[in-house]
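Engineer: what shape does this take:
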Amino acid sequence: MVERKNSWLPVVALTIAAFVFNSSEAMPIGLMTDIAEGLGVSDSAVGMLVSGYAWVVAFMSLPLMVAFSKMEYRRLMIGIVTLFMFSHVLSAVSTGYWMLMWSRVGVACAHSIFWAIAPPVAVKVAPEGKGPLAMSMIITGTSIAQIVGMPTGRAIGLLLGWRLTFLTIGVIAFLVLMVFLFSFPRIPNDMDFSLRDLPSILGNRALISIYVTLIIIVTGYFSAYSFIEPFLDRVAGLDKVLVTVALMLFGFSGIIGSAIFSREYPSREKALVVSSLVAVPLMLLILRPAAGFIGALVPVLLVWGIANTLFNLVFQAELMRIETRATTIAMALYSGLYNVGIAAGSLLGGVINDNVGLPYISLFGAAICFISLLYGVFRMLPLLHPRRR
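Structural biologist: Numbering: from 1, shown residues only. Next up, the predicted model:
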């Protein structure tokens, strides 16, 4: 049993950790040219650092979480932040491409475990009754990473070199590690799980319905979002400054979505699920017509980002509600499938871009997300909240 106190310091430390983890995930994108020139490789090779990262998370989340499923959560969190920190030091001193790639594999493995345990641990260490707020704070950390994380990392890289960007993240991770060492409570791991129990989790129809809805909507979302920068540039005709501002809206919208979740869940969880599943395909459907007018484009981007945050938070909260025995294993599967959706969506978006055209990517994304709406409303919701007889 976790001894709950009124201190928010452990939750704040988890929020900062979420910020640095998500800032690091996309960092090679903002520094692609500099890394390529520094290591003497192509831009495509540097792009593999991003796609390879996603596939490592996708395939390693479950096996790593199973391997550490009985470890006390404070020790586990300290271990993964330590791995994260040293992997970034290794990135900073990399002498070649494959050394950098292996350092990113280390970061991805830390990511795999962190996002499996961060939401349930945040709920456990938060003051009594503040679990939804603690979860929304974790997601807010990821949203702030989108607003200032990658742009700041890019600025450091341009001024002082890309190696200093990775080293800076390592230093921040070290500070988070100090907080975990000296102020994080012991959190007993009371999960009684073995590989023999995995079929029982996979046999949970409500849980599987969340996974199916998740992978469909994330695939559709990222088929469009992966190409949002060139879409805003070439289709919407925004200059570089406005493209940057528009992309920062996604981070800001995440903060709004987190606030809505912390206020409305669990009293209106069904409404949050339905509204987010409706809003994502709807915003993708009208994205292209709105691209011709900045006054219409801004609210579309804002609502799109809010909906993405809401379905992600509500799905995780519902997952923890229905799977109380092996929550972190279920969360590991969630994280892995989310990254499968990212990789599949990015690949599909590339195919659409090459064979149909950039202006039509959002329409294909809307069609995929519409399938998630139908499945989510008619299959997932009845399993999550069956009618009482």
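
Engineer: L384: how many residues sit nearby?
Structural biologist: 22 (other C-beta atoms under 10 Å). To be clear about C-beta, it is placed using only N, CA and C from the backbone, and glycine gets the same treatment.

Engineer: same question, L100
Structural biologist: With other C-beta under 10 Å as criterion, L100 counts 26.

Engineer: buried residues in the one helix or strand it maps to?
Structural biologist: Taking DSSP states H and E as the criterion, L100 maps to helix 97-125. Going by neighbour count (16 or more other C-beta atoms under 10 Å), the buried part of helix 97-125 is 97, 100-101, 103-125.

Engineer: let me see the mean pLDDT of that helix.
Structural biologist: The average of the pLDDT scores along helix 97-125 is 88.

Engineer: what about it, distance to the chain center?
Structural biologist: The gap between where helix 97-125 is centred and where its chain is centred comes out at 11 Å by C-alpha atoms, centre = their mean, to the nearest Å.

Engineer: cool, and stretch 236-252?
Structural biologist: Going by C-alpha atoms, centre = their mean, where stretch 236-252 is centred and where its chain is centred differ by 20 Å.

Engineer: what residues sit buried inside it?
Structural biologist: By 16+ other C-beta under 10 Å, the buried positions in stretch 236-252 come out as A236, L238, L242, V243, A246, L247, M248, L249, F250, G251, F252.

Engineer: include secondary structure and distance to I352 when you put these into JSON lines, please.
Structural biologist: Converted to JSON lines, the buried residues of stretch 236-252 look like this (DSSP: H, G, I helix; E, B strand; the rest coil; distance: C-beta to C-beta, whole Å):
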{"residue": "A236", "secondary structure": "coil", "distance to I352": "17"}
{"residue": "L238", "secondary structure": "coil", "distance to I352": "21"}
{"residue": "L242", "secondary structure": "helix", "distance to I352": "24"}
{"residue": "V243", "secondary structure": "helix", "distance to I352": "20"}
{"residue": "A246", "secondary structure": "helix", "distance to I352": "21"}
{"residue": "L247", "secondary structure": "helix", "distance to I352": "20"}
{"residue": "M248", "secondary structure": "helix", "distance to I352": "25"}
{"residue": "L249", "secondary structure": "helix", "distance to I352": "23"}
{"residue": "F250", "secondary structure": "helix", "distance to I352": "20"}
{"residue": "G251", "secondary structure": "helix", "distance to I352": "25"}
{"residue": "F252", "secondary structure": "helix", "distance to I352": "28"}
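
Engineer: between those, which sits nearest G357?
Structural biologist: Among the buried residues of stretch 236-252, A236 lies closest to G357 (C-beta to C-beta), at 14.5 Å.

Engineer: residues in contact with S253?
Structural biologist: Counting by C-beta atoms under 8 Å, 6 or more residues apart in numbering, S253 makes contact with S143, L301, L302, V303, W304, G305, I306, N308, T309.

Engineer: how near is the nearest residue to it once chain neighbours are set aside to I255?
Structural biologist: Closest residue to S253 in three dimensions, ignoring its sequence neighbours and counting by C-beta to C-beta, 6 or more residues apart in numbering: G305, at 2.9 Å. Look at G305 and I255: by C-beta to C-beta, to the nearest Å, they are 9 Å apart.
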